[in-house]
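*Asks:* What follows is a predicted structure for the sequence shown.
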Amino acid sequence: MMVAGIGSRKGVSVEDVLAAIETALEAHGLAMTALSALATASLKQNERAIFSAGRELALPVIVIGNAALKAVSSRTISRSDLSQALAGTPSVSEASALAAAGAGAKLLGPRTVLGPVTCAIAISGDAA
């Protein structure tokens, strides 16, 4: 399973989200078709653009609760003081991707920042 974790500022566009996902995948030499799901933190559950991107890509959007984010936070690569303060994790996108990809998941690298959106790619332990 390969998951794109998404973090964003409020009010981003679906184009912003899709561009960040594409940029993150390209950084790892991957195509959009490699993805199994998108994931984001519960604090982003009302961010329409993330769910619109999921619909456009025909992928489920997994909303990760605070406890699950915190459980994987020690395994994130990037550190954002704002993310830590608002979501309780150093990287919403990285922690969301890790939590959604399941036990033994690994980040392919640090999050990609593209304007107001961050995207991190994680693979499940069985895909490594």
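*Replies:* Nice, thanks for sending it over. Residues are numbered from 1 along each chain as shown.

*Asks:* CA atoms for contacts and neighbours, from now on please.
*Replies:* OK.

*Asks:* quick one: least confident helix or strand in the protein?
*Replies:* helix 81-87 (a mean of 87; mean pLDDT, DSSP states H and E).

*Asks:* what does that one rub up against?
*Replies:* Identification of contacts with helix 81-87 by C-alpha atoms under 8 Å, 6 or more residues apart in numbering yields Ala41, Leu43, Asn66, Thr89, Pro90, Ser91, Val92.

*Asks:* buried residues in stretch 113-128?
*Replies:* Within stretch 113-128, the residues scored as buried using 16 or more other C-alpha atoms under 10 Å are Val113, Leu114, Val117, Thr118, Cys119, Ala120, Ile121, Ala122, Ile123, Ser124.

*Asks:* what two of the residues you listed are the furthest from one another?
*Replies:* Leu114 and Ser124 (24.3 Å; C-alpha to C-alpha).

*Asks:* which residues in the chain form strands?
*Replies:* According to DSSP state E, the chain carries its strands in the segments 2-8, 37-41, 61-64, 106-107, 112-114, 117-123.

*Asks:* Kindly reformat these as TSV and extend each row with mean pLDDT.
*Replies:* Putting the strands of the chain into TSV (pLDDT from 0 to 100) gives the following:
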stretch	mean pLDDT
strand 2-8	97
strand 37-41	97
strand 61-64	98
strand 106-107	96
strand 112-114	96
strand 117-123	97
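
*Asks:* on that earlier part again, of the contacts of helix 81-87, which pair is most distant in space?
*Replies:* Top of the distance list for those (C-alpha to C-alpha): Leu43 and Pro90, 14.1 Å.

*Asks:* quick one: which of these two has more around it?
*Replies:* Neighbour count, other C-alpha atoms under 10 Å: between Leu43 and Pro90, Pro90 has more, with 24 against 15.

*Asks:* tell me the contacts of the more buried one?
*Replies:* Contacts of Pro90 by C-alpha under 8 Å, 6+ apart are Ser73, Thr76, Ser78, Arg79, Ser80, Asp81, Ser83, Gln84.

*Asks:* separation between the closest residue to Leu107 other than its chain neighbours and Ala34?
*Replies:* Of all residues beyond its chain neighbours, the one nearest Leu107 is Ala122 (4.2 Å), with distances taken as C-alpha to C-alpha, 6 or more residues apart in numbering. Counting by C-alpha to C-alpha, to the nearest Å, the gap between Ala122 and Ala34 amounts to 11 Å.
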